[in-house]
Every structure is written in structure tokens, then in C-alpha cells.
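[1] for reference, the sequence and a predicted model appear below.
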Amino acid sequence: MLKKTKGKPKLVAILGPTASGKTGLALRLAKQFRGEIVSADSRQAYKEMDIATAKPYKPAIPHHLIDILRPDQQLSVALYKKLALKAIKDIQKRNKLPFLVGGTGLYIQAIVDNFDYPKIKPNPRLRKQLEKQSTQTLFSLYKKLDPRGAKLIDKNNKRRLVRAIEVCKISGKPYWLQRQKQNILFDTLQIGIKLPERELKQNIAIRTKRMFKAGLYKEAKRVLRKYGKNLPVLQTIGYQEFTDKKGGLKSIRDYKEILEEIKKHTFQYAKRQMTWFKRDKRIIWINNSYQAKKLIKKFL
């Protein structure tokens, strides 16, 4: 039976930048410690987006919050938190250890620190106006509305910028000041995977090539044609590189160009992820599975 510390049930978070090996490590750890995995990935939650998001293929360990929405539906932090808490508590009730695994720092923080986010209904008209703007324009606008929040937000995440601006304009208050930290729900061990830059770049290059071999071009063509390139969730790495400046779909003949763009954008994203995670001093950074196993044994 899992022991409780300070009366709170235990939770293990495995985090780090994309292509750092989180999924593989989490699968091995969950198997050893009778666990189940709750995804903290803002893209793996969407159906039909499989190869580009590097979803685990037929994993032996149960996964939660994968393939729960269509690409034309929206997953807010508030909704993610609600669904993740339900999954985590269900796992704990069955006396198993929940592993919160992913690279979306905002989602992980929402669970670990039990943040309550502004409950403001979307404004379709305002969103439509904002989504026509570039990410650079949106970031500049948000910076004026919420200077403090602008230091924390992912300035390349268009969907998140739109939501932050929307909340500021409707409420008349800075978005980040409206987060409320409630009582901590879990005794959490946060384990971060940190790789040398050279190794991370190699991992990204290998994974990107594997994605193409697995049929990334066909997947991108199918979802972009079905849902439209302007859909916020499809303006993401692994899909955005397939559209040209005129909005058309690039040919498979542009393979090398697309491949290099995906590798470049993925590494830039990994650096932004690390910038976010480095702010949390509670994260224990490791570089091999032995260290992770040792930490979890001590934690339990």
C-alpha cells in the first residue's frame, strides 16, 4: 500500500523538454512501481494527431488524457486540470501510483501547485479577431496588458496568447494575477530529465526522421485539409512546417526543407520548455533511469 506523507497521497511527475526520453523512462518506472501514466502534453490530448505529437504506440501501461478531444475542440488549462485530477484520484483509489508525464509546464504546475485559473467564458468574436494576428503582434499586445505575465508565457504559443489577452480584456485585470494558489493536493516528487544540448539535438534529429518514415506527411496533409491550417492546435510543430507562405500545402519533394524546419523549431521549443522548468527549484534533475528509480524508492 502507498504511504501518505503529511496526509497527502503521492504523485510522481516526470518532466523535461521534448525528445528527452520522458515517455520511455515513465513506462519503465510505472511498470516497476505499479503505476499508471497521466499525460501532461497539450497536443497528445487530440485525436488524429498521432505521429507529430509522438504519442506512445500501444503502451503496455495504462495512459490517461490521450485522444480525448477532436482538433477542432479546445483544451484549456482549467479543463485539463479537472480531467487530470479525476484521473489521478482514480489511480490512487485503486492503490496505484500516478505518474504525471509531459513537457507542458503550465499543465504540470496546475496540478502540482493546485492553481485555480480564471473562469471566464470565451468570446468567439474577440477570439476570431485575435487569431488573425501573428504571434509577434499578440505577444506585444499581451505585454502591454500584463507585463508580469508576459515574462512567464510562451510567446510562441498563439492559442495561449489569445486566451490570456481575452481574459485581460474581459476582466480588466492582468491574467497572471488572477491565478489562485489553493491548498496543495498531493505529495509530489518532480523528476526532470536533463540532457546535454548535443545529445538533445541528436534525439530530435533521429525522432524527426522516424516521424517521416512513419507517415508524417500523410498525417499532416490529412488533418490540415480536414480541419484547416488556421485551426490553433494545428499551428504547431510538425504541421505548421507543411504549409507555404501562400497557405498551400508543400509537396513531399520539399522533404529536406520541412525536415530541417521541424528539427530547428523542435529544438527552439525544447529550450523554451527548459526555461520554464528551471524556475521551479523543487525539480530534481537526472540523466539516467537509475537515478530516477533511487529517488522514487526513497520517496515511497
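    Ah, there it is. The shown structure was predicted, so the numbers you read here are calculated from the model rather than taken from an experiment. Numbers count the residues shown, from 1 in each chain.
[2] okay, and residue 192 sits in which element?
    Using DSSP states H and E, the element containing residue 192 is strand 187-193.
[3] quick one: the helices in the stretch 1-150 of the chain?
    22-32, 77-93, 105-112, 124-131, 135-145, 147-150 (DSSP state H, counting those that start in this stretch).
[4] any regions of this structure where pLDDT drops low?
    1-6 (pLDDT under 70).
[5] where do the strands sit along it?
    Per DSSP state E, the chain has strands spanning 10-15, 35-39, 63-64, 97-102, 115-116, 180-181, 187-193, 284-286. These are given in chain order.
[6] show me what contacts residue 163?
    76, 175 (CB atoms under 8 Å, 6 or more residues apart in numbering). For the C-beta atoms, the positions are set from N, CA and C on the backbone; glycine is no exception.
[7] hmm, I typed the wrong one, I wanted residue 280.
    Applying CB under 8 Å, 6+ apart, the residues contacting residue 280 are 109, 190.
[8] so which of the helices of the stretch 1-150 of the chain gets nearest residue 56?
    Closest approach to residue 56 among the helices of the stretch 1-150 of the chain (CB to CB): helix 22-32, 5.4 Å.
[9] same for that closest one, what does it pack against?
    strand 10-15, strand 35-39, strand 97-102, helix 289-299 (3 or more CB pairs under 8 Å, 6 or more residues apart in numbering; DSSP states H and E).
[10] could I get the ones you listed as a markdown table with mean neighbour count and distance to residue 109?
    What follows is the helices and strands packed on helix 22-32, written out as a markdown table (neighbours: other CB atoms under 10 Å; distance: least, CB to CB, whole Å):
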| stretch | mean neighbour count | distance to residue 109 |
| --- | --- | --- |
| strand 10-15 | 24 | 10 |
| strand 35-39 | 25 | 14 |
| strand 97-102 | 26 | 11 |
| helix 289-299 | 15 | 19 |
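[11] possible to save the ones you listed as a markdown table with distance to residue 149?
    Formatted as a markdown table, the helices and strands packed on helix 22-32 follow (distance: least, CB to CB, whole Å):
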| stretch | distance to residue 149 |
| --- | --- |
| strand 10-15 | 22 |
| strand 35-39 | 25 |
| strand 97-102 | 22 |
| helix 289-299 | 33 |
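[12] residue 67 is nearest to which of those?
    Across those, closest to residue 67 is strand 35-39 (CB to CB), at 9.6 Å.
[13] let me know the angle separating that closest one from helix 105-112.
    With axes from the mean of the first three to the mean of the last three CA atoms, to 10 degrees as the basis, strand 35-39 and helix 105-112 are set at 130 degrees to each other.
[14] hey, what's the angle from strand 35-39 to strand 97-102? Just curious.
    Going by the same axes, to 10 degrees, strand 35-39 makes 30 degrees with strand 97-102.
[15] and strand 35-39 with strand 10-15, angle?
    50 degrees.
[16] ok, and what's touching strand 35-39?
    So strand 35-39 is contacted by 12, 26-27, 29-30, 45, 59, 61-66, 84, 87-88, 91, 96-102 (CB under 8 Å, 6+ apart).
[17] residues near the nearest residue to residue 282 once chain neighbours are set aside, how many?
    Nearest residue to residue 282 in three dimensions, chain neighbours excluded: residue 190, at 5.5 Å (CB to CB, 6 or more residues apart in numbering). Neighbour count for residue 190, taken as other CB atoms under 10 Å: 19.
[18] do the one 5 residues further on as well
    Residues within reach of residue 195, counting by other CB under 10 Å, total 18.
[19] still on that earlier bit, ok now the strand holding residue 192, how far from the chain's centre?
    From the chain centre to the centre of strand 187-193 is a distance of 16 Å (CA atoms, centre = their mean, to the nearest Å).
[20] give me the sheet partners of that strand and which way each runs.
    strand 10-15 (parallel), strand 284-286 (parallel) (DSSP bridges).
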